[in-house]
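1. Quick check, what structure comes out for this input:
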Amino acid sequence: MIVLHMFIHILVVLSLCILSVFLILKSTSPKNVFDAYYYHHNIALFEKAYHESDQKDRLYTWVLNGWILDDVYQNEQASIFLMKEAISTSDATLIQYVYDRVSLKKGSKLETFVMMYLKPNANRVNRCMTLANEGNMLLKDKLDIYNQCLQIAIHEEFKISLTPVRTWLESVDESQLVKYTKEFEDLGCNYLEYLLLLRNKEGEIMEVPVVFVDHLKSNRWNDIYAFWRGL
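-> Numbering: from 1, shown residues only. You can find the predicted model right below:
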């Protein structure tokens, strides 16, 4: 009798274990993850539900079907994830759509990155350079942002303000600046090429920052600077 009782007890325990495993597997299936996220507004499951959905045109499908809840756009981590997904598509429409809705602070790094895919304009370039000047970021990051903004302004022939760059150059430690040889050279050459554009289009003659003249010695810089002085 005791043996039979123990046997029944073991069967009950095993049955409960099997049932628990089944329920766990069922509760973590793709459909139930999506339901928990979407219908029960469990924002923590957004990325998991997103990754478990069909990969083909995934972001487009989610946007089209309205599956991205407003709370997702208000969540910083989810916003970062969405911006990365949007940028990875290289689709300007999707990038603009997500960019307009995420709650991220529109800092210079994000502005510059997005500007590579959206149609840039002079106001966006000016805003990006101003944010870079005001922001607290690594020196190399600022150099990269200024270079990208100047390259866009040169390519699109935008009329922009160089005040943020000049102000920053006057405040930065030159010994630290020259450590980034390539980025610093690029900034000097881009800056001077933009001055040439202004001179050619607007007839404006502006001074070249002394920090470039004192420290840049490459052939590329020398050629541009010699052309500038010869005008």
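2. which one is the residue most central in space within the chain nearest to, not counting chain neighbours?
-> With distances taken as Cα atoms, centre = their mean, L110 lies nearest the centre of the chain, 4.0 Å away. Distances taken as Cβ to Cβ, 6 or more residues apart in numbering put L104 closest to L110, at 6.3 Å, once the chain neighbours are dropped. No exception for glycine: its C-beta is placed from N, CA and C like everyone else's.
3. Identify the residues contacting the one you found.
-> Counting by Cβ atoms under 8 Å, 6 or more residues apart in numbering, L104 touches 76, 79-80, 83, 110.
4. any idea which helix or strand carries the residue nearest to the centre of the chain?
-> Under the criterion of DSSP states H and E, L110 resides in helix 108-115.
5. can you give me how far that helix is from the chain middle?
-> Relative to the chain's own centre, helix 108-115 is displaced by 6 Å; criterion: Cα atoms, centre = their mean, to the nearest Å.
6. Give me the residues contacting the helix or strand that it is followed by.
-> Later in the chain than helix 108-115, the nearest helix or strand by DSSP H and E is helix 122-134. Residues from elsewhere that reach helix 122-134 (Cβ under 8 Å, 6+ apart): 106-108, 111-112, 115, 118, 142, 145-146, 149, 152-153, 158-161, 164-165, 167-168.
7. Please apply the same query to stretch 165-185.
-> Residues from elsewhere that reach stretch 165-185, judged by Cβ under 8 Å, 6+ apart: 129, 132-133, 139-140, 142-144, 146-147, 150, 187, 191, 209, 211, 214-216, 218, 220-221.
8. switch the cut-off to 6 Å
-> Under the criterion Cβ atoms under 6 Å, 6 or more residues apart in numbering, residues 133, 140, 143, 146, 209, 211, 215-216, 218 lie in contact with stretch 165-185.
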